[in-house]
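Enquirer: My questions are about this predicted structure, shown below with the sequence.
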Number of protein chains: 8
Amino acid sequence: MTLKVYLSGEIHTDWREVITSGAAGLDVAFDAPVTDHAASDDCGVAILGAEDDKFWHDRKGALMNAIRTRKGIEQADVVVVRFGDKYKQWNAAFDAGFAAALGKSLIVLQPPEHDHALKEVDAAALAVARTPEEVVQILTYVQKGMLPG
Amino acid sequence: MTLKVYLSGEIHTDWREVITSGAAGLDVAFDAPVTDHAASDDCGVAILGAEDDKFWHDRKGALMNAIRTRKGIEQADVVVVRFGDKYKQWNAAFDAGFAAALGKSLIVLQPPEHDHALKEVDAAALAVARTPEEVVQILTYVQKGMLPG
Amino acid sequence: MTLKVYLSGEIHTDWREVITSGAAGLDVAFDAPVTDHAASDDCGVAILGAEDDKFWHDRKGALMNAIRTRKGIEQADVVVVRFGDKYKQWNAAFDAGFAAALGKSLIVLQPPEHDHALKEVDAAALAVARTPEEVVQILTYVQKGMLPG
Amino acid sequence: MTLKVYLSGEIHTDWREVITSGAAGLDVAFDAPVTDHAASDDCGVAILGAEDDKFWHDRKGALMNAIRTRKGIEQADVVVVRFGDKYKQWNAAFDAGFAAALGKSLIVLQPPEHDHALKEVDAAALAVARTPEEVVQILTYVQKGMLPG
Amino acid sequence: MTLKVYLSGEIHTDWREVITSGAAGLDVAFDAPVTDHAASDDCGVAILGAEDDKFWHDRKGALMNAIRTRKGIEQADVVVVRFGDKYKQWNAAFDAGFAAALGKSLIVLQPPEHDHALKEVDAAALAVARTPEEVVQILTYVQKGMLPG
Amino acid sequence: MTLKVYLSGEIHTDWREVITSGAAGLDVAFDAPVTDHAASDDCGVAILGAEDDKFWHDRKGALMNAIRTRKGIEQADVVVVRFGDKYKQWNAAFDAGFAAALGKSLIVLQPPEHDHALKEVDAAALAVARTPEEVVQILTYVQKGMLPG
Amino acid sequence: MTLKVYLSGEIHTDWREVITSGAAGLDVAFDAPVTDHAASDDCGVAILGAEDDKFWHDRKGALMNAIRTRKGIEQADVVVVRFGDKYKQWNAAFDAGFAAALGKSLIVLQPPEHDHALKEVDAAALAVARTPEEVVQILTYVQKGMLPG
Amino acid sequence: MTLKVYLSGEIHTDWREVITSGAAGLDVAFDAPVTDHAASDDCGVAILGAEDDKFWHDRKGALMNAIRTRKGIEQADVVVVRFGDKYKQWNAAFDAGFAAALGKSLIVLQPPEHDHALKEVDAAALAVARTPEEVVQILTYVQKGMLPG
């Protein structure tokens, strides 16, 4: 049975590629937000017209991106949320909360230095991974029952 | 009809008191997480026994706090989420996502400097307020139809 | 058992008063949107600050009003939607669709000249009434089993 | 992943064709109500027998059309609702409310002169577009992450 | 904790009175359809105007009664459905199916001669009782843990 | 888009064949209960062992049949329920109520002499057809927008 | 806000009394299954008539008890499930699974020797307590934010 | 229509193979937990790092296995839960409760000596089978309407 996995969060490193290429032999369908930062920020005004006020510029873009992210999360079996080293990343935590409320299987991917700040998010997760490779190993185990090594 | 309001997020300033005292004349029932920071961090081990590993110390506490926060959010009509100046505040964004997925009316209370970082959270909200007084005015309008001034 | 009734739609005649006073002897709890037209239009900017663009002026107000209308509809047993002689009244039809999707008992209150234009809305309703007095008679029958006359 | 899009509302211009042909290169499955106005009005009596009373003539047709429209909306990821220049279009607003209550991603397609009258509907939408071409651009961005130009 | 019980089905004998008086010492809130047969048949046309066609006469009444019966079933903890000796009683079986789909605790009250014809309905029930007194004993046991005798 | 149709109710005439062959040119997937009367009555004891008591003999069979009928109804877009001339047919009305509570599009297929007895069931339906051919015409219209003749 | 707590599982020690008396100062409403073992086993046949076959004797009782236990779990905020030293206690684990699927806050009360056998159940819980006194402390903390000592 | 069947419970005998090979001619898609006992116990620490405390060792594994088991149960039409001769098997009963709360068709596979201990679980099931062959016969009947022999 195909496992549907949504890859949410940090968009500045290649963690999604590590996971998708690592899981190439599995029956997994991946989905993700638009990861082109500029396009993601400006999609609303680029299509629907400019705004003088940055607040509404952002609102138009965030609403448009929500068409994709809501579908991605709602149709996923597993939602992986990655927290990186930089930025506020409130949208990642928001996605985690959204996924948790829908009863999705949540995997948090984060460095140990964020453990305390992420304790509520982690507590809603079925796994807290440190590297994308561990996420690949989890998906492999979940689908094939095979452990690494 | 009683309006049930859950006050989520930042616990280091008196914003909850400003709202609850400002709304004293309304038929509003407020709920909130435990706001004693030390108790909130240590509740798990204080009741269920110490842990050597800080990760599980935190997990035990976060799970126990979830008994209260899940009930608070699930039974609320309105969830107000406050983002302050400090800390990661991922639990606040998590609560916002959780509330949004349940279809709760979300009010975000935040300073303008976080506008861009919070754009996805704000886009799921029915109001973005800057001060607790504005939240009181919103609740007053929602319940009584009266505007300030 | 208390019947919770939400009175949606047209705000320029006294139909809500006719219903609430006519149902004074029943165990019915009425709810309704803010019916002060000016307050309803301007609530967003009055509380959260002015907007240069009328589109966002309207958006802020509509979102704020949604806090009340969503709660009103979601907690109702019966949603009465009134269509009058004037204006587009798309918000009334929107409320009717929202209520129908939630499985609420829908009563449409409308003059016969709108029958064809409202046929899809009427088809989702459990009653199509012509006068507020008929709505009172329906509520009386539903609660007490008594017919008029 | 296939995006399922339901095209609701106005049936007198070719806006659906503009969108479906514009989106020919995307993985989108479109659905829509029956757009043959006469068939849509008369389907109930044509199949199930004539009615003397126009009210029930309309009811039979509206109920039969609901078999298709409910399925279309319930299975859609995105519901586009088009408001044109003419007619009451309450069924369009009803569909928008129905879609909103089900948590569908709503795109409203409307001319600016209806902005104020549609403010509640727009406030429930993730995008307000002015032309069918903009809707194509939104769908392209949502699926491929590519902006126009 | 108050037990909410809806008494559906046959309206020509006094079984509801036997149950409600027998359960007088319990904390049970009973609800039921309108049991005045003539009022139930004619409520639609009595309030909303006569119909030439008996089919629509019946439709108007059945829709109006549904306001009460849907609320009664949806808010009940326990739905008791009584099948008597006469009539088709398809509305009773319809209510049983409606209650079962909502996950309500279903009690069927029926004479043994209907056992085979009711086997699908009985299979969805938590109890099949033969007399109203048995229903009282079930409610007493469910609330107080006390058995008869 | 494939229309999923469940054909519930009377099993002694060939109405299912008339519909499935009449709809041969449509993209419709039909499902139905087991229509072999003897097998349907005895499946429980045939597989799981005989019962001395006819009541439990019937119970075992009804529960086993529910595995198929629940799935059939829950996955259907449209549920057609046929009431014939004979038998109590309470399971048909039960299925109709079950389908209605799940928000399925309900089509009732019945002779006019049952109109009054079926008025509550009909009031929950989107169409009341008299012949299987009418059901074929409805499905054709719903999927292709084409009317007969 | 009243906390609704359902006390499921082992019925041979006084753990429920320890919790309810320990929580006397809290705003908690407790519910529980019938804890009279004999009544619980025989309720079905005592009210609805004897069965020759022990399997159906048990079935009748288990179904009748389900009226109470389903309501208790469905209306609870918190479900405490106690596993003791003896018996199979599959009904306790069943209740835990039922509560988990409904998103209830689950507290497992069990001795450490069952840790490995209960690991799947514990993993769905927000707290694993060893004594009834710990459960009282959890409820006190959840409602009042006060830790012991 | 493909029947999706999840095979939960006992992992020390070949009952799953008997069912899957016996159902080879049916359109059934089977899913199951990881049945490699050692892998199932150690998956958490094998991928995410060792734990000093056996309690958290077990927790990490149980949470990871839940990614697979939750998906398996949530997407199933039928959940078969097998109770064997040994061990506590609380996870099997937990799965049964979880499946029941989601409205899945539950089949319990167990030896008669557990009848009394499993009476609450059995009462939530649509069939209680004694052998894997009986489960094959049930699936054959449900899908093809054919009885054995």
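Expert: Arrived safely, thanks for sending. Residues are numbered from 1 along each chain as shown, chains lettered A, B, ... in the order given.

Enquirer: mind listing the helices for chain A?
Expert: For chain A, applying DSSP state H gives helices covering A:15-22, A:37-48, A:54-74, A:90-101, A:119-123, A:132-144.

Enquirer: Of all these, which one is nearest G:Ala127?
Expert: Go through the helices of chain A one by one with Cβ to Cβ and the one that ends up closest to G:Ala127 is helix A:119-123, at 11.4 Å. Every residue, glycine included, has its C-beta placed from N, CA and C.

Enquirer: which one of the helices of chain A is the most hemmed in?
Expert: Each of the helices of chain A was given a mean neighbour count from mean count of other Cβ atoms under 10 Å in any protein chain shown, and the largest, a mean of 28, is that of helix A:90-101.

Enquirer: so what's A:Cys43 up against?
Expert: With contact set as Cβ atoms under 8 Å, 6 or more residues apart in numbering or on different chains, A:Cys43 has these partners: A:Val34, A:Lys60, A:Gly61, A:Met64, A:Asn65, D:Tyr141, D:Leu147.

Enquirer: same thing but at 10 Å, please
Expert: Each residue near A:Cys43 by Cβ atoms under 10 Å, 6 or more residues apart in numbering or on different chains is listed here: A:34, A:36, A:60-65, A:67-68, D:127, D:137-138, D:141-142, D:145-148.

Enquirer: now A:Ser105
Expert: Under the criterion of Cβ under 10 Å, 6+ apart, the contact list for A:Ser105 reads A:3, A:5, A:76-80, A:99, A:125-127, A:138, A:142, H:63-64, H:66-68, H:70-71, H:74.

Enquirer: can you pull the pLDDT of it?
Expert: Residue-level confidence at A:Ser105 comes out at 98, pLDDT.

Enquirer: same question, A:Val80
Expert: Note on A:Val80: pLDDT of 98.

Enquirer: Just to check, it is in contact with A:Val18?
Expert: No. The pair A:Val80 and A:Val18 does not pass the contact test of Cβ atoms under 10 Å, sitting 11.5 Å apart.

Enquirer: starting at the chain centroid, how far to the strand ranked longest in chain A?
Expert: The strand spanning the most residues in chain A, taking DSSP state E as the definition, is strand A:3-9. The offset between the C-alpha centroid of strand A:3-9 and the centroid of the whole chain comes to 6 Å, using Cα atoms, centre = their mean, to the nearest Å.

Enquirer: I'd like the C-alpha coordinates of it written as CSV, please.
Expert: Coordinates of the C-alpha atoms in strand A:3-9 are reproduced here as CSV (Å, rounded to 0.1, in the frame of the first residue of the first chain):
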residue,chain,number,x,y,z
LEU,A,3,2.5,5.5,1.9
LYS,A,4,1.7,9.2,1.4
VAL,A,5,4.3,11.4,3.1
TYR,A,6,4.2,15.2,3.3
LEU,A,7,7.5,17.0,3.9
SER,A,8,6.9,20.2,5.8
GLY,A,9,9.1,22.9,7.2
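
Enquirer: which neighbours does it have in its sheet, and in what orientation?
Expert: Strand A:3-9 has the following sheet partners, assigned by DSSP bridges: strand A:28-31 (parallel), strand A:78-82 (parallel).

Enquirer: With distance to B:Val121 as new columns, can those strands be given to me in CSV?
Expert: Written out in CSV, the entries for the strands paired with strand A:3-9 read as follows (distance: least, Cβ to Cβ, whole Å):
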stretch, distance to B:Val121
strand A:28-31, 21
strand A:78-82, 15
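
Enquirer: could the ones you listed be laid out in CSV, adding mean neighbour count?
Expert: Formatted as CSV, the entries for the strands paired with strand A:3-9 read as follows, by neighbours: other Cβ atoms under 10 Å in any protein chain shown:
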stretch, mean neighbour count
strand A:28-31, 18
strand A:78-82, 27
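
Enquirer: what residues are up against whichever residue of chain A sits closest to chain H?
Expert: Closest approach between chain A and chain H, counting by Cβ to the nearest Cβ: A:Gly145, at 3.9 Å. With contact taken as Cβ under 10 Å, 6+ apart, A:Gly145 is in contact with H:Ala32, H:Pro33, H:Val34, H:Thr35, H:Asp36, H:Ala39, H:Ser40, H:Cys43, H:Asn65, H:Arg68.

Enquirer: before we move on, what about A:Asp77?
Expert: Neighbour list for A:Asp77: A:1-6, A:28-29, A:104-105, A:142, H:67-68, H:70-71, H:74-75 [criterion: Cβ under 10 Å, 6+ apart].

Enquirer: Would you mind giving me the confidence score for the residue lying closest to A:Leu63 once chain neighbours are set aside?
Expert: Counting by Cβ to Cβ, 6 or more residues apart in numbering or on different chains, the nearest residue to A:Leu63 once its immediate chain neighbours are dropped is D:Leu126, at 4.5 Å. Reported pLDDT at D:Leu126 in the predicted model: 98.
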